[in-house]
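1. With the input below, show me the fold.
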Amino acid sequence: MSSGTVSSTNSINPSMQRLSQLGSHLLSPATKASSHHNLTKTVTTMAAPKSDIHLYTAGTPNGIKISMLLEELGLPYKVTKIDFSKNEQKEPWFLEINPNGRIPALTDTFTDGKPIRLFESGSILQYLVDRYDTEHKVSYPRDSREYWEVNNFLHWQMGGLGPMQGQANHFARYAPEKIQYGIDRYQNETRRLYGVLEKQLSNSTSGYLVGDRITIADIACWGWVAASHWAGIDVDKFPKLAEWVDRVLARPATERGRHVPSRHTALDVKNLTQEELDKKAETSKAWVQKGMAEDAKK
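-> Down below sits the predicted model:
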């Protein structure tokens, strides 16, 4: 199991030349006084390879991809929880790491000894396996057939499953009014995409999406499918996919990684009714709408 310690620094320099200092920046006094998970903490694993990774994240399907992979690779890393309700992802210091103002983002010391920033979850996953998975624990050698098939499903998730299910979430849970066309459009497309995964798994002899091992293809998709009920999708109608969710969940690295930076609750809501889900979404709906309004002013 990983263990955590708190670390911080007092100043934030927006210069990209000093990006490395952002990895150990001090959060605001108000944030420091809040819960443990709102603090910058260091997660270390016994006998882990050397790295200088700092992950900026939240407990979303995209966010937990990175912590799951870091745990699979046994890499030490620092983590800072980004509070959406306070719009921390739009603060100037964070925009120096990810100009798009979204999580996850990551900093590291590159091979030339200088800091490097990574943003977009797919890019971060590829960086981590290309640089650190030298033994191909969760990847395949470059230019193998399996390498490119993993690449196929990674880009498929980034361009299809994530955006479509994200829109299903928005129209079903966060829109100011229920627009049935939008709900049906994105839920139906999400179901179609689940069918693609179901077929792929039906042809798998390992129970994973590509080849004989878990890869970043599985890790990229898992958080979304695990949150199927929140989007109004019944994953049990896809038996191979439902088995795959449980198979990945049973991995110790998944169990550790999905709870970074805070407890993962997507699986807890499976037995809630749609009315109960709507009620649970009320708090999040308020800051989602506030953030959209602020973006529209720019």
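2. So Leu241: helix, strand or coil?
-> At Leu241 the chain is in helix, as set by DSSP: H, G, I helix; E, B strand; the rest coil.
3. please renumber so the chain begins at 231
-> From this message on, residue numbering opens at 231, which makes the last subject Leu471.
4. what's near enough to touch it?
-> Leu471 makes contact with Tyr424, Leu427, Glu428, Leu431, Val455, Val465, according to C-beta atoms under 8 Å, 6 or more residues apart in numbering. Quick note: C-beta positions are derived from backbone N, CA and C, even for glycine.
5. which one of these sits closest to Ala523?
-> Nearest to Ala523 among the contacts of Leu471: Val455, at 30.9 Å, using C-beta to C-beta.
6. Please tell me I have it right and the closest one contacts Val426.
-> No - look at Val455 against Val426 with C-beta atoms under 8 Å: they stay out of range, at 11.6 Å.
7. Restricted to helices, list the contacts of Leu471.
-> In helices, defined here by DSSP state H, the members of these are Tyr424, Leu427, Glu428, Leu431, Val455.
8. between those residues, which has the most around it?
-> Neighbour counts for the ones in helices among the contacts of Leu471 (other C-beta atoms under 10 Å) peak at Val455, which has 26 neighbours.
9. would you list every one of the strands in the stretch 281-430 of the chain?
-> Using DSSP state E, counting those that start in this stretch, the strands of the stretch 281-430 of the chain run over 283-287, 307-311, 335-339, 345-349.
10. by contact count, what packs against the first one?
-> I take that to be strand 283-287. helix 291-303, strand 307-311, strand 335-339 (3 or more C-beta pairs under 8 Å, 6 or more residues apart in numbering; DSSP states H and E).
11. Pairing partners for that strand, with directions?
-> Its sheet considered, strand 283-287 pairs with strand 307-311 (parallel), strand 335-339 (antiparallel) by DSSP bridges.
12. Out of these, which gets nearest to Met394?
-> Among the strands paired with strand 283-287, strand 335-339 comes nearest to Met394, with 23.1 Å by C-beta to C-beta.
13. returning to that earlier point: pipe the contacts of Leu471 into a markdown table and attach pLDDT per row.
-> Shown next, in a markdown table, are those (pLDDT from 0 to 100):
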| residue | pLDDT |
| --- | --- |
| Tyr424 | 98 |
| Leu427 | 98 |
| Glu428 | 98 |
| Leu431 | 98 |
| Val455 | 98 |
| Val465 | 97 |
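14. Out of those, which two sit at the greatest distance?
-> Once C-beta to C-beta is applied, these give Leu431 and Val465 as the farthest pair, at 12.0 Å.
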